[in-house]
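Turn this into a structure:
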Amino acid sequence: MFLPKYPESPTPPPAYPHTVADQTPARRPAPQISVSTGAVAAALVGGVVLTALLAAVAVTAISVAVTAVVLRSVLRDQHRR
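Alright, predicted model coming up:
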């Protein structure tokens, strides 16, 4: 009653169809990427500007930190007197 039913053919069909080895897949040509000198110049200028801004922020942060330390020292000396 609970026995499995087997297929009539003794061998199952192949999982992958047989293909001919002479066929070569079609290759699409890669798109040409051209970089103009204007784009390179814009990237270089942008990099220089961003680097200059980062350096300006770093110098400002250091000067603010030094000013805070000096003011703290001066105020501490005033408070002790």
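
Need the distance between the two termini of stretch 15-32.
40 Å (C-alpha to C-alpha, to the nearest Å).

Distance from the strand or helix carrying Leu75 to the middle of the chain?
According to DSSP states H and E, Leu75 maps onto helix 37-80. On the basis of C-alpha atoms, centre = their mean, to the nearest Å, helix 37-80 sits 27 Å off its chain's mean C-alpha point.

Now for Ala55, how many residues are close by?
For Ala55, the count of nearby residues is 10 (other C-beta atoms under 10 Å). Using the backbone N, CA and C atoms, a C-beta is placed for each residue, glycine as well.

Same question for the one 10 residues further on.
By the measure other C-beta under 10 Å, the count of residues near Ala65 is 10.

With Leu3 instead?
Leu3: 5 neighbours (other C-beta under 10 Å).

so who does it touch?
Counting by C-beta atoms under 8 Å, 6 or more residues apart in numbering, Leu3 makes contact with nothing.

Could you look up the SS state of it?
Reduced to three states with DSSP: H, G, I helix; E, B strand; the rest coil, the structure at Leu3 is coil.

swap in Ser34?
Applying three-state DSSP: Ser34 is coil.

Can you tell me how far it is from Leu53?
From Ser34 across to Leu53, the span is 30 Å (C-beta to C-beta, to the nearest Å).

Flag the shaky bits of the protein, pLDDT-wise.
1, 7, 9-10, 12-14, 16-25, 80-81 (pLDDT under 70).

change it to 90
1-36, 76-81 (pLDDT under 90).

Which one's more surrounded, Ser34 and Leu53?
Each of Ser34 and Leu53 has its neighbours counted (other C-beta under 10 Å); Leu53 has more, 10 against 6.

OK, contacts around the more buried one?
Applying C-beta under 8 Å, 6+ apart, no residues qualify as near Leu53.
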